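Engineer: Have a look at this prediction, sequence included:
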Amino acid sequence: MRSYLVLPAVALGVALCAACATLNGEQAPPDYAADANTNLQRGNAAFDAKNFEEAQRYYEYVRTRYPFLDAAKEAELRIADSYFEREQFIEARDAYDNFVKLHPTYPRADYAAFRSALTHYKDIPSDFFLLPPPEEKDQVEVRAAVSAMNDFVRQYPKSKFVPEAQQVIAEARKRLAKHELYVADFYARREKWRAVVNRLQTVVKDYPGLGFDEQALFGLYDAYNRLKEPDHARQALEQLIQRLPGTAAAEKAKALLGRS
């Protein structure tokens with residue numbers, strides 16, 4: 001069975017160093033950095049070939065054999081990346097979080113923090129909107145992604161990963177808003193208008209400016225009318241006019257209010 005590490009080469013190197021002793025009997029010290037970098041590069045080659053388990057064996061060797069070298073820190077990150085690429089997001093998150101805890105001042109600590117937050121977003125079920133979850137448990141990772149990314153942006157405001165983090169936040173918030181609209185429609189088809197109001201108010205209050213204001217506010221207008229609450233219905237239209245001035249939606253709201 002072939003070895004995944006270059007340990008035989010290390011042994012050979014040590015023997016050669018012994019043969020090259022100086023005249024006064026001293027031996028040249030072993031080149032630990034070279035061995036660490038060699039194994040790190042071999043791990044990276046396996047990683048690029050998507051042989052993640054093999055790559056992880058190289059990284060583990062570097063991490064445990066040379067814990068005080070920078071190569072070991074890079075190996076720790078690559079171990080976390082290996083979990084991430086295999087979609088083992090809980091393990092990846094733990095590895096990234098542990099890296100940040102152990103090496104908070106390392107230049108790539110922001111990368112680890114960003115990737116940790118990203119594991120929440122990647123762990124969102126792909127069939128998220130096919131059925132409304134009975135206890136909304138499928139929203140847990142979406143909300144966690146928003147929270148984790150917001151924490152990342154606050155902690156690393158100058159990181160090059162901030163723009164991508166902001167994109168993830170926006171996308172996750174859109175998914176949450178769409179889910180609220182989905183559930184509001186679910187209740188509307190069952191004529192549970194107070195539940196409809198509660199869901200749509202969440203969209204209006206928590207997710208403004210994401211492209212759902214028109215749908216949510218017209219929905220509130222309809223739900224309040226069905227609840228025989230004309231003052232609240234009027235307020236929904238006035239809020240729409242304020243949020244979307246100069247739009248066709250605003251003109252429609254004015255017409256419903258009897259304005260010219």
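Structural biologist: Yes, it's here.
Engineer: Go through the host helix or strand of Glu251 and flag the buried ones.
Structural biologist: Assigned by DSSP states H and E, Glu251 belongs to helix 248-257. For helix 248-257, a neighbour-count test (16 or more other C-beta atoms under 10 Å) marks 249-250, 253, 256 as buried. C-betas here are computed from N, CA, C, even on glycine.
Engineer: Other residues contacting it?
Structural biologist: Contact with helix 248-257 is made by 214, 217-218, 221, 234, 237-238, 240-241, 244, 260, as judged by C-beta atoms under 8 Å, 6 or more residues apart in numbering.
Engineer: Now that we have those, which of them are buried?
Structural biologist: 214, 217-218, 221, 234, 237, 240-241, 244.
Engineer: can you list contacts of the helix or strand harbouring Gln242?
Structural biologist: Assigned by DSSP H and E, Gln242 belongs to helix 230-243. With C-beta under 8 Å, 6+ apart as the test, helix 230-243 has contacts from 204, 208, 213-214, 217-218, 220-222, 224-225, 249-250, 253-254, 256-257.
Engineer: relative orientation of it and helix 248-257 in degrees?
Structural biologist: Relative orientation of helix 230-243 versus helix 248-257 (axes from the mean of the first three to the mean of the last three C-alpha atoms, to 10 degrees): 150 degrees.
Engineer: Burial check on Arg194, number of neighbours?
Structural biologist: By other C-beta atoms under 10 Å, 10 other residues sit near Arg194.
Engineer: Hmm, it is touching Leu227, no?
Structural biologist: Yes - counting by C-beta atoms under 8 Å, Leu227 is a contact partner of Arg194 at 6.8 Å.
Engineer: what's the spacing between Asp123 and Ala92?
Structural biologist: 10 Å (C-beta to C-beta, to the nearest Å).
Engineer: for Gln215, same thing?
Structural biologist: 36 Å.
Engineer: The two: which has the busier surroundings?
Structural biologist: Neighbours per residue (other C-beta under 10 Å) separate Gln215 from Ala92, with Ala92 holding more: 24 against 16.
Engineer: separation between the more buried one and Asp31?
Structural biologist: 32 Å.
Engineer: ditto for Leu227
Structural biologist: 78 Å.
Engineer: same question, Ser82
Structural biologist: Ser82 is 26 Å from Asp31, by C-beta to C-beta.
Engineer: Look at the two and report which has more neighbours.
Structural biologist: Ser82 (25 against 14).
Engineer: Helix or strand: which one has that one?
Structural biologist: Ser82 belongs to helix 70-85, assigned by DSSP H and E.
Engineer: buried sites along that helix?
Structural biologist: Neighbour count says helix 70-85 has 71-84 buried, by 16+ other C-beta under 10 Å.
Engineer: Alright, I will stop here.
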